[in-house]
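Engineer: Any chance you could fold what I've pasted below:
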Amino acid sequence: MRPCNFEENVVWYTILGTYLFYFMGILYFVPTLVTWGLTLYLCKKLWQQSDSTPADQRIRIPWIIWAWLAAMFVMLVSLVMAHVDFDLGTATLLKSILGWARGWALWALLPLVGCLSIRPQLIYRAICMLGLQSLVIFPVFVVGFLLRLPDPLYTVPWNVFGGPIGAFQISFYTIDPENRLIRIGLFAPWAAAIGYVSSVFFPLSLAETNRWWRSIGIAAAVLMAVISGSRLAVLALPATWLLTQVLSRLSRPSVLIGLSGVSLGAGLTAPQLIDLVQNFIAQFRSFRSSSSDLRATLDNIALQRWPEALWTGHGIVERGPKLVQFMPIGSHNTWVGLLFVKGLVGFLALCLAMATTFGLLIFKAQTIPLARVALHLFLALFLNTFGDSIEVTVYLVWPGLLLLGLAYNASVDQPRKPQLVTALEVAPS
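Structural biologist: Down below sits the predicted model:
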């Protein structure tokens with residue numbers, strides 16, 4: 001498997017260079033620069049496109065990508081209005097716009113870049129190769145813990161350009177203060193984030209056709225989930241896979257009959273099921289109760305203060321009180337964070353974009369294999385909106401968003417970019 005054109009080369013080597021960028025302290029910036037660079041490249045190709053351009057080389061932008069572009073633009077408008085309402089100043093506004101360009105904007109631009117000639121198989125293989133790197137380098141992180149190397153090992157000064165401080169601190173491990181267990185984040189800024197990465201890399205690895213590489217990718221994804229210490233990550237791997245199996249087969253009568261039987265059984269045993277769910281939730285929260293309490297407190301503070309700026313939010317992330325260890329308000333739940341920072345306008349923008357995407361992917365997944373992978377990915381992304389601020393960690397899962405763009409363009413009866421399929425067949429594996 002080798003890249004066949006400019007855009008594939010950029011994607012391929014950016015994924016494979018993840019650990020190099022991490023230890024250099026520039027991983028936070030690289031995916032952003034790559035995304036905006038490929039967006040400009042796509043605009044250039046669109047400008048040069050004419051009636052004589054072969055049909056299989058034409059760039060077509062599906063309506064769902066336009067919907068995401070509109071939603072993220074609404075986010076920007078809400079951001080600007082909030083800064084004006086609270087008179088936060090020009091410097092703060094420019095800093096927030098830069099943050100938007102590195103965060104929410106990528107949720108629309110990466111699927112847009114997926115309109116270029118990029119094979120999904122290339123992404124699958126690159127993710128599995130990154131998984132191999134993770135399996136090889138994992139013992140080094142363990143040795144760092146055994147030697148009790150300082151945490152963080154070192155900090156690079158690039159945070160002057162903005163971004164979470166954790167993205168510029170190179171750490172081999174962290175110790176959970178509640179249960180004293182080791183947590184390893186690999187190339188993520190904090191351990192829970194690598195759990196989020198695992199839930200996105202898992203469906204990409206499952207889609208790899210080479211059995212050896214697929215096994216490597218799956219093993220790496222499972223390892224990431226376990227060492228992250230994230231309850232949500234461990235739950236996401238089986239839950240998103242199972243939901244995908246059901247939702248991608250809703251057009252089959254046997255599945256509908258089976259679901260009707262499940263519904264009947266659930267109705268007859270509702271009290272027992274409710275007790276079971278409540279017990280599961282209680283056990284889930286008690287595993288790391290202090291973390292659950294902190295998250296709940298952060299959410300409550302954000303919801304209590306949201307009415308202060310109902311429509312467009314407060315415009316900036318505010319530091320929480322000592323009660324929540326000074327963590328940013330709303331930082332552990334994307335939806336609550338949106339209400340606080342961007343108000344109801346930003347909340348509805350993301351909600352409508354995600355709901356529309358969910359419906360489209362379910363429809364396409366009935367007949368298109370690539371859409372099934374994308375549906376699995378989307379479920380993982382959506383599930384993690386309740387555990388983190390997805391705009392902050394988008395630079396870690398950018399290959400997944402890129403693949404969503406490929407799936408939006410996929411059709412039932414025509415392979416995407418046929419000339420590249422031929423290249424795939426002859427490329428060495």
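Engineer: Which strands and helices lie in contact with the helix or strand harbouring Ile301?
Structural biologist: Using DSSP states H and E, Ile301 maps to helix 289-305. Contacting helix 289-305 under the criterion 3 or more CB pairs under 8 Å, 6 or more residues apart in numbering; DSSP states H and E are the following elements: helix 334-365. All C-beta spots, glycine's among them, are computed from the backbone N, C-alpha and C.
Engineer: What angle do helix 289-305 and the helix it packs on make with each other?
Structural biologist: Helix 334-365 runs at 100 degrees relative to helix 289-305, counting by axes from the mean of the first three to the mean of the last three CA atoms, to 10 degrees.
Engineer: list the buried ones in the helix or strand just after helix 334-365?
Structural biologist: Using DSSP H and E, the helix or strand that directly follows helix 334-365 along the chain is helix 369-383. The neighbour-count criterion (16 or more other CB atoms under 10 Å) identifies 370-383 as the buried residues of helix 369-383.
Engineer: Could you do stretch 124-142 as well?
Structural biologist: Applying a neighbour-count criterion of 16+ other CB under 10 Å, the buried positions in stretch 124-142 are Tyr124, Arg125, Ala126, Ile127, Cys128, Met129, Leu130, Gly131, Gln133, Ser134, Phe138, Phe141.
Engineer: and the helix holding Ile301, average pLDDT?
Structural biologist: Per-residue pLDDT over helix 289-305 has a mean of 79.
Engineer: what comes into contact with that helix?
Structural biologist: Applying CB atoms under 8 Å, 6 or more residues apart in numbering, the external contacts of helix 289-305 come out as 177-178, 285-286, 314, 320-321, 323-325, 327, 329-333, 336-337, 339-340.
Engineer: again, only this time at 7 Å
Structural biologist: Among residues not part of helix 289-305, those counted as contacts by CB atoms under 7 Å, 6 or more residues apart in numbering are 178, 285, 320, 323-325, 327, 329-333, 336-337, 339-340.
Engineer: now do stretch 27-35
Structural biologist: Residues outside stretch 27-35 that contact it (CB under 7 Å, 6+ apart) are 10, 14, 18, 21, 102, 106, 109-110, 113, 163, 167, 187, 395, 398.
Engineer: and the helix holding Ile301, which residues are buried?
Structural biologist: If you call a residue buried by 16+ other CB under 10 Å, then helix 289-305 has these buried ones: Ser291, Leu294, Arg295, Thr297, Leu298, Asp299, Ile301, Ala302, Arg305.
Engineer: Pipe those residues into CSV and attach distance to Ala349 per row.
Structural biologist: Below are these laid out as CSV (distance: CB to CB, whole Å):
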residue, distance to Ala349
Ser291, 29
Leu294, 28
Arg295, 24
Thr297, 27
Leu298, 22
Asp299, 20
Ile301, 23
Ala302, 18
Arg305, 20
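Engineer: excluding its backbone neighbours, what's nearest Phe382?
Structural biologist: The spatially closest residue to Phe382, leaving aside those adjacent along the chain, is Met354, at 6.4 Å (CB to CB, 6 or more residues apart in numbering).
Engineer: Listing request: residues of this structure with sub-threshold pLDDT.
Structural biologist: Counting by pLDDT under 70, the chain contains low-confidence ranges at 178, 266, 268, 270, 272, 277-278, 280-291, 412-429.
Engineer: Neighbours of Arg180, how many?
Structural biologist: 7 (other CB atoms under 10 Å).
Engineer: quick one: Ala167 and Pro189 touch, right?
Structural biologist: Yes. Under the criterion of CB atoms under 7 Å, Ala167 is in contact with Pro189, at a separation of 4.4 Å.
Engineer: now, among the contacts of stretch 27-35, which is nearest to Arg211?
Structural biologist: When the contacts of stretch 27-35 are compared for distance to Arg211 (CB to CB), Thr18 wins out at 23.7 Å.
Engineer: Run a quick neighbour tally on Thr155.
Structural biologist: A total of 14 residues lie near Thr155 under the criterion other CB under 10 Å.
Engineer: To what extent is Leu348 buried, counted in neighbours?
Structural biologist: By other CB under 10 Å, neighbour count at Leu348 equals 15.
Engineer: Would you quantify the distance from Ile15 to Tyr124?
Structural biologist: Separation of Ile15 from Tyr124 (CB to CB, to the nearest Å): 11 Å.
Engineer: same check, this time on Ala236
Structural biologist: In this view, Ala236 and Tyr124 are 19 Å apart by CB to CB.
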